[in-house]
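1. what follows is a predicted protein model with its sequence.
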Amino acid sequence: MPRVKLLRMLDDLPIIKGFRPIWMKANLRQAVIMNLEEYEALRLIDYEKQIHEQAASTMNISRPTFTRIYETARQKLTTALVEGRSLLIEGGNVTIQESHWYCESCFHKFSTAIASEADEMACPKCNSKQLLNLNDCFLSGCRRCRRCR
Ligand SMILES: [Zn+2]
Ligand SMILES: [Zn+2]
């Protein structure tokens with residue numbers, strides 16, 4: 001069966017890239033990877049307390065697809081807790097509404113329309129051009145930049 005590319009809407013990115021366990025050495029190679037749609041499914045149900053129907057329509061996907069994503073997300077979260085593994089949030093077939101930026105000079109976070117290019121951007125607070133595109137950090141599974149290491 002061909003994989004259908006779904007468009008899902010995400011208003012905002014998670015405020016962190018993941019968790020590391022206390023008591024165990026964080027081993028990123030053994031991290032549980034949760035994608036952005038799984039994160040969003042958990043957030044809508046267990047944080048915003050939406051019902052499944054509502055959450056499925058918020059994410060613009062069918063109810064059975066939503067439930068499958070939600071179940072996978074819970075399983076991953078539980079695996080990380082029980083096995084003491086790091087949890088990384090990255091990847092996924094999501095449409096992010098805006099470009100989210102992080103200023104490496106003054107640590108200010110801000111967002112712009114999605115079309116903005118990094119080289120013509122400057123931090124609105126300190127005017128620095130040392131900007132990280134957080135969309136890339138999440139979507140491409142960044143492990144290189146200062147914040148993700
Ligand atoms: Zn700045
Ligand atoms: Zn990064």
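-> Sure, I can see it. Numbering: from 1, shown residues only. Ligands and ions are numbered 1, 2, ... in the order given.

2. which element follows the least confident helix or strand in the chain by mean pLDDT toward the C-terminus?
-> Lowest mean confidence among the helices and strands of the chain (mean pLDDT, DSSP states H and E): strand 9-10, at a mean of 66. Later in the chain than strand 9-10, the nearest helix or strand by DSSP states H and E is strand 18-19.

3. and for that next one, what's in contact with it?
-> 31, 34, 80, 86-89 (CB atoms under 8 Å, 6 or more residues apart in numbering). For the C-beta atoms, the positions are set from N, CA and C on the backbone; glycine is no exception.

4. what about that strand, near ligand 2?
-> No: applying CB under 5 Å from the ion, one finds strand 18-19 separated from ligand 2 by no less than 11.4 Å.

5. what lies in contact with the longest helix anywhere in the chain?
-> Ranked by residue count, the top helix of the chain under DSSP state H comes out as helix 63-83. The contact list for helix 63-83 (CB under 8 Å, 6+ apart) reads 6, 19, 21, 31-34, 37-39, 41-42, 45, 52-53, 55-56, 59, 61, 85-87.

6. select only the buried ones of the residues you listed in ChimeraX?
-> Selection of buried members from the contacts of helix 63-83 for ChimeraX, criterion 16 or more other CB atoms under 10 Å:
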select :19,21,31,32,33,34,37,38,39,41,42,45,55,56,59,61,85,86,87
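
7. the contacts of helix 63-83 in helices, which ones?
-> Reading helices off the contacts of helix 63-83 with DSSP H, I get 37-39, 41-42, 52-53, 55-56.

8. skip the chain neighbours and tell me the closest residue to the spatially most central residue of the chain.
-> Centroid check for the chain by CA atoms, centre = their mean gives Leu36 as the closest residue, at 4.2 Å. Of all residues not flanking Leu36 in the chain, Gly92 sits nearest, at 3.6 Å (CB to CB, 6 or more residues apart in numbering).
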